[in-house]
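Undergrad: just need the structure, nothing else, for what follows:
(one chain, ligands or ions: 1)
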Amino acid sequence: MTDRKTNLSHHTLLLGVMGDPIGHSKSPAMHNIALEASGIPGMYVPLHVKPEQLGEAVAGTKALGFSGFNVTIPHKVEMMKLMDELDESAICCGAVNTVVIKDGKLKGYNTDGIGYVRSLKEELNSELSGKHITILGAGGAARGVVYALLREEPASVTIINRTVDKAEQLATEFSHDTLQVQSGSYDTLDKVLPQTDILINTTSIGMSPNNEETPLEQSQIPEGIVVSDLIYNPLETRFLREAKSRGCTVVGGLGMFVYQGAYAYEYWTGQSAPVSVMRSALLEAMN
Ligand code: ATR
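TA: Got it, this is the predicted structure:
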């Protein structure tokens, strides 16, 4: 393997991730290995940016010749205001997780939802058209997932949330002529689940350190359907473990993280992302 330091020059592709805090981010490990595997001279750095300095930090990346950066908590919504241009994905999600800097202009994207849907299709080795999909949760993560799912022409999408108003609001916003997105409370699941092909948890229930929490009782999970969780820490949530024991095909959240990064990488470099290398790097960084 070559010494990456010797490859650094004024041609080096400068990338990074802005967040507060940022020390926990696994994105640098994943992207640096991807750049190295593809032979692209580049460097992806963690950028610790406080909310009150976000504007200056963004202007700084432009001045320094960065090609782009990722955005994480707490800056995803605020970043919308700092862009010269917004992709439809960012507009629909109301949040930016990827910025591309080209010809001095900043363009904001959101690759979380489309990353998740790409990972779901890859892991199932199947299209999502014609499927009946039920989503638990109506927060920011659900919004990105609904946006991306609707591009796949599913037969139906139903959003279930503890706060029903939020589910209704999201459903109304995303409904269009050919598909009315449905919404309801957890009490309506008895009616919804028998028609469900794919059940997706977008809530934080079951996320580390609350590993023993789960959004549904095991007995409520229909047998033999697809069950997915956006959570990737732990890699297998209690929800997925119990779904497996009900004979379900399960898809965890690690792929979402890999593919949101893969889309960003492809926007920045114009090359396909080395997805399996990125997945291994991420797993290694998590251990
Ligand atoms: P994110 O951006 O990760 O989606 P969020 O916008 O805060 O985070 O949304 C969290 C989602 O998890 C919401 O749908 C929330 O339900 P409410 O809208 O009713 O708050 C859901 N959620 C979190 N904890 C929950 C719990 N203990 N029971 C049910 N739903 C929960």
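
Undergrad: what does the chain put close to the ligand?
TA: 137-142, 161-163, 166, 202-205 (C-beta under 6 Å from any ligand atom). In this view, the C-beta of every residue, glycine as well, is placed from N, C-alpha and C.

Undergrad: top of those by number of neighbours, please.
TA: T202 (27 neighbours; other C-beta atoms under 10 Å).

Undergrad: what sits against that one?
TA: Applying C-beta atoms under 8 Å, 6 or more residues apart in numbering, we find T202 in contact with I135, L136, G137, G139, A141, A142, V145, L230.

Undergrad: among these, which one sits closest to the ligand?
TA: G139 (2.0 Å; C-beta to the nearest ligand atom).

Undergrad: how about the contacts made by the closest one?
TA: By C-beta under 8 Å, 6+ apart, G139 lies in contact with K166, T202, T203.

Undergrad: mind checking which of these are in helices?
TA: Applying DSSP state H to these, the entries found in helices are K166.

Undergrad: relative to L179, how far out is D190?
TA: 23 Å (C-beta to C-beta, to the nearest Å).

Undergrad: more crowded one of these two?
TA: L179 (15 against 9).

Undergrad: return the distance of that one relative to the ligand.
TA: The gap separating L179 from the ligand is 21 Å, by C-beta to the nearest ligand atom, to the nearest Å.

Undergrad: and that residue, its phi and psi?
TA: The phi/psi pair for L179 (degrees, to the nearest 10) reads phi -150, psi 120.

Undergrad: isn't it right up against R151?
TA: No. The criterion here is C-beta atoms under 8 Å, and L179 misses it with R151 at 10.9 Å.

Undergrad: from the ligand, how far out is P222?
TA: For P222, the distance to the ligand - C-beta to the nearest ligand atom - is 20 Å.

Undergrad: quick check, that residue in a strand?
TA: No. Read with DSSP: H, G, I helix; E, B strand; the rest coil, P222 is coil and lies in no strand.

Undergrad: which ones are touching it?
TA: For P222, the residues meeting the contact criterion (C-beta under 8 Å, 6+ apart) are L193, P194, T196, L199, R246, C248.

Undergrad: then A285?
TA: Contacts of A285 by C-beta under 8 Å, 6+ apart are K26, A29, M30.
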